[in-house]
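K.L.:
fold the following and give me the result.
(chains A and B)
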Amino acid sequence: MLVLSGIAIIIIGFALRVHPMLVVTLAAFASALAAGFGLLEVVELIGKAFVDARFMAVAWLALPMIGLLERAGLREKARALVQRLRRATTGRLLLGYLALRQITAAMGLTALGGHVQMVRPIVAPMAEGATNDGEPLDDETRDLVRANAAAVDNIGLFFGEDVFIAIGSILLIRAVMEQNGFVLAPLHIALWAIPTAIAAFLIHGARLLLLDRRLRRNSR
Amino acid sequence: MIGLDALGIAAGLLPAAVAVHHAMDRNSSTRWRNVVFWGAFATTLMAGPWLPNLVNGLLVLVMVAMAAWGLRPGPVSSTSDAERSALAERIGLRLFLPALCVPVVALAGTLLLPDGKVAGIALIDPKQVTLVSLAVAILIAFALAMRLTGAGRAVPAAEARRLTDAVGWAMVLPQMLAALGGIFTLAGVGTVVADGVAGVVPMTTPLVAVTLYCLGMALFTMVMGNAFAAFPIMTVGIGIPFVIQHFGGDPAAVVALGMLAGFCGTLMTPMAANFNIVPAAVLELRDRHAVIRVQTPTALILLIFNILLMAFVAFPGGPW
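P.N.:
Residues are numbered from 1 along each chain as shown, chains lettered A, B, ... in the order given. Have a look, this model is predicted:
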């Protein structure tokens, strides 16, 4: 039972808003020590796992390019582009991005999107530009619009990609089931992702249209 | 062959450049903290595979200490509003090209070189084709952006530092969480959780078993930050023995929807840092839980939908 102390540290740490890096490190030490690993062993385990996961850092290489474009006014351009469309609202624009992200992810094109490459330079400025006639936003509204842009990217990805038969999660499902004596066809698994994909679009789409109402109320 | 080691070296160039930029900046209030943090990160990425695990672990702990102590971004001169609109006016819509070229080139590489062979030579590790394509795409987009904007040679490093500082330690957090996930697995956290859930609640009807499986997937995903880590544990612990074997649920529907219940959990947890905490940093939000707050209502409604859907489609005779 003591190995669960790591989970307790995480829940309490995040709830109290302790620095996430510190919370994660303490949780790793607590659970590993409880499981009988030595102090130096834990440091070694952290070092090895951290280095093994270094592929995660590749996407950050886009930052200098994004920085160059922002310096040349990319975000202002994205904002201005949307302001020319009179019927565009934040909710409708994000609804369109949600559909695009879900459909492309369902075709296996999960790289078309992402917070660094797509949301910060293009989607978020457009969503900001589509609010009240392009007047500058107060901090609270701006953060709300940006958080919604980030959320749409996640929801579209998660509930689109599982419809594609060769995606990591389907392969994992198949492998785990095969180890336990069930042979499942990838297509069969992927088909069961479709109802939830549609539900995700309807539920989050409705919330995006409600966001428009909230933004209109705020601007008055 | 181009594989993970080469990718690590490429990825390390960014924090290395940022560390050097900080070292030369006399105005920053946390100059050496920043240098040590980004220098340690660059070292683990570039030299990690050749260093002893203990050294890598200590470098990680140094990063944690620097981050907890506080990394403050120093001021970097960028363009003014007026300069930006003038530049944007001149370059026009072509400004979108580099950003859009990244996914297109990355995709083309993945589709055209599925086995990593170029002209019959095994050039790229087949397991890393997607990431190598992404790195090459970013390089091409970078060259394009340099040409389009006509920026000077010192500009990319300054811009890289401006954005890297804005993201800060959140850049390192996904790798920290991957390490934590590995340690939780080694420590046997998952089996304790699955046994606990299955032991506490009596499995009287399919609906109870389905609800426990889906809630277990969502909650354990929230703890691990990753549905992939929760899936084998919950499925072997609850999904297969109870939902599928004891009550006779349809296997494909049960596991497909079980995974999606886990995805609902991903939307609600700071542990899924690259989806929830990193974007808050990338978009410079004041509240680092703002994205989670937006996603939670959708995730909860969708989780209930998933439970009901599984109960009815996996048990055509009714889940009672």
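
K.L.:
low-confidence ranges, chain A, go.
P.N.:
Confidence mapping of chain A against pLDDT under 70 gives the ranges A:132-134, A:165-167, A:220.

K.L.:
buried set for the longest helix along it?
P.N.:
Longest helix in chain A, counting residues (DSSP state H): helix A:194-219. Residues of helix A:194-219 classed as buried by neighbour count (16 or more other CB atoms under 10 Å in any protein chain shown): A:195-197, A:199-201, A:203-205, A:207-208, A:211-212, A:215. The way it works is simple: take the backbone N, C-alpha and C, and place the C-beta from them, glycine included.

K.L.:
nearest residue to the spatially most central residue of chain A in space, please, no chain neighbours.
P.N.:
By CA atoms, centre = their mean, chain A has its centre lying nearest to residue A:154, at 3.4 Å. In space, and not counting its chain neighbours, residue A:154 is closest to residue B:275: 5.0 Å by CB to CB, 6 or more residues apart in numbering or on different chains.

K.L.:
I'd like the distance between the one you found and residue B:225.
P.N.:
Using CB to CB, to the nearest Å, residue B:275 is found at 9 Å from residue B:225.

K.L.:
ditto for residue A:218
P.N.:
Distance from residue A:218 to residue B:225, by CB to CB: 33 Å.

K.L.:
could you tell me the angle between whatever helix or strand residue B:264 lives in and helix A:194-219?
P.N.:
Take DSSP states H and E as the rule and residue B:264 turns out to sit in helix B:251-266. Orientation check (axes from the mean of the first three to the mean of the last three CA atoms, to 10 degrees): helix B:251-266 against helix A:194-219 gives 20 degrees.

K.L.:
near chain B, list only the ones from the buried residues of helix A:194-219.
P.N.:
Subset of these in contact with chain B: A:195-196, A:199-200, A:203-204, A:207, counting by CB under 8 Å from any CB of the partner chain.

K.L.:
any idea how far apart the tips of stretch B:183-195 sit?
P.N.:
Length of stretch B:183-195, first residue to last, CA to CA, to the nearest Å: 19 Å.

K.L.:
how far off centre is that stretch?
P.N.:
22 Å (CA atoms, centre = their mean, to the nearest Å).

K.L.:
for residue 151, give me its contacts.
P.N.:
All of this refers to chain A. By CB atoms under 8 Å, 6 or more residues apart in numbering or on different chains, the contact set of residue A:151 is A:204, B:267, B:291, B:294-295, B:298.

K.L.:
correction: the question concerned chain B.
P.N.:
Contact partners of residue B:151, counting by CB under 8 Å, 6+ apart, are A:68, A:71-72, B:145.

K.L.:
not counting its neighbours along the chain, what's nearest residue B:220?
P.N.:
Using CB to CB, 6+ apart and skipping residues adjacent in sequence, the residue nearest residue B:220 is residue B:230, 4.0 Å away.

K.L.:
was I right about that neighbour contacting residue B:214?
P.N.:
No: contact between residue B:230 and residue B:214 fails when scored by CB atoms under 8 Å: they sit 11.2 Å apart.

K.L.:
list the residues that contact residue B:211.
P.N.:
With the criterion set at CB under 8 Å, 6+ apart, residue B:211 makes contact with B:307, B:311.

K.L.:
could I get the CA-only coordinates of stretch A:203-210 as PDB?
P.N.:
Extracted in PDB, the C-alpha atoms of stretch A:203-210 (Å, rounded to 0.1, in the frame of the first residue of the first chain):
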ATOM      1  CA  ILE A 203     -21.000  18.100 -26.800                       C
ATOM      2  CA  HIS A 204     -18.000  20.400 -27.300                       C
ATOM      3  CA  GLY A 205     -19.500  22.100 -30.300                       C
ATOM      4  CA  ALA A 206     -22.500  23.100 -28.200                       C
ATOM      5  CA  ARG A 207     -20.200  24.400 -25.500                       C
ATOM      6  CA  LEU A 208     -18.300  26.500 -28.100                       C
ATOM      7  CA  LEU A 209     -21.600  28.100 -29.200                       C
ATOM      8  CA  LEU A 210     -22.400  28.800 -25.600                       C
END
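
K.L.:
how is the chain divided into domains?
P.N.:
Using chain A. A:2-52, A:61-219 (automatic domain parsing).

K.L.:
let me rephrase: I mean chain B.
P.N.:
Following automatic domain parsing, one finds the domains of chain B at B:4-171, B:174-313.

K.L.:
winner for burial among these?
P.N.:
Mean neighbour count, computed with mean count of other CB atoms under 10 Å in any protein chain shown, is highest for domain B:174-313 among the domains of chain B, reaching a mean of 22.

K.L.:
I figured residue B:296 hits residue B:265, correct?
P.N.:
No: if you go by CB under 8 Å, residue B:296 and residue B:265 don't touch, sitting 10.7 Å apart.

K.L.:
picking that back up, just put the ones next to chain B among the buried residues of helix A:194-219 in a markdown table and tack on distance to residue B:313.
P.N.:
Below are those laid out as a markdown table (distance: CB to CB, whole Å):
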| residue | distance to residue B:313 |
| --- | --- |
| A:195 | 8 |
| A:196 | 11 |
| A:199 | 13 |
| A:200 | 17 |
| A:203 | 18 |
| A:204 | 22 |
| A:207 | 25 |
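
K.L.:
need the max-distance pair from these.
P.N.:
A:195 and A:207 (18.7 Å; CB to CB).

K.L.:
which other helices and strands contact the helix or strand following the helix holding residue B:264?
P.N.:
For helix B:251-266, the succeeding helix or strand toward the C-terminus, using DSSP H and E, is helix B:273-282. Counting contacts by 3 or more CB pairs under 8 Å, 6 or more residues apart in numbering or on different chains; DSSP states H and E, helix B:273-282 is packed against helix A:139-161, helix B:155-167, helix B:173-187, helix B:290-313.

K.L.:
please redo it, this time with the cut-off set to 7 Å
P.N.:
Contacts defined by 3 or more CB pairs under 7 Å, 6 or more residues apart in numbering or on different chains; DSSP states H and E place helix B:273-282 against helix B:173-187, helix B:290-313.

K.L.:
and the host helix or strand of residue B:54, anywhere near chain A?
P.N.:
Assigning secondary structure by DSSP H and E places residue B:54 in helix B:53-69. Yes: using CB under 7 Å from any CB of the partner chain, helix B:53-69 comes into contact with chain A via B:53-58, B:60-61, B:64, B:67-68.

K.L.:
mean confidence for that helix?
P.N.:
If you average the pLDDT over helix B:53-69, you get 92.

K.L.:
what is it packed up against?
P.N.:
Against helix B:53-69 (3+ CB pairs under 7 Å, 6+ apart) you get helix A:20-34, helix A:39-52, helix B:31-47.

K.L.:
what separates it from the chain centre, distance-wise?
P.N.:
The answer for helix B:53-69 is 20 Å, by CA atoms, centre = their mean.

K.L.:
which residues are contacting it?
P.N.:
A:19, A:21-22, A:25, A:40, A:43-44, A:46-48, A:50-51, B:33, B:36-37, B:40-41, B:43-44, B:48, B:169, B:172 (CB atoms under 7 Å, 6 or more residues apart in numbering or on different chains).

K.L.:
ok, the residue lying closest to residue B:87 once chain neighbours are set aside - how many residues close by?
P.N.:
Nearest residue to residue B:87, sequence neighbours excluded (CB to CB, 6+ apart): residue A:72, at 4.3 Å. Residue A:72 has 24 neighbouring residues, counting by other CB atoms under 10 Å in any protein chain shown.

K.L.:
if I look at residue A:72, how far off is residue B:83?
P.N.:
Counting by CB to CB, the gap from residue A:72 to residue B:83 is 9 Å.
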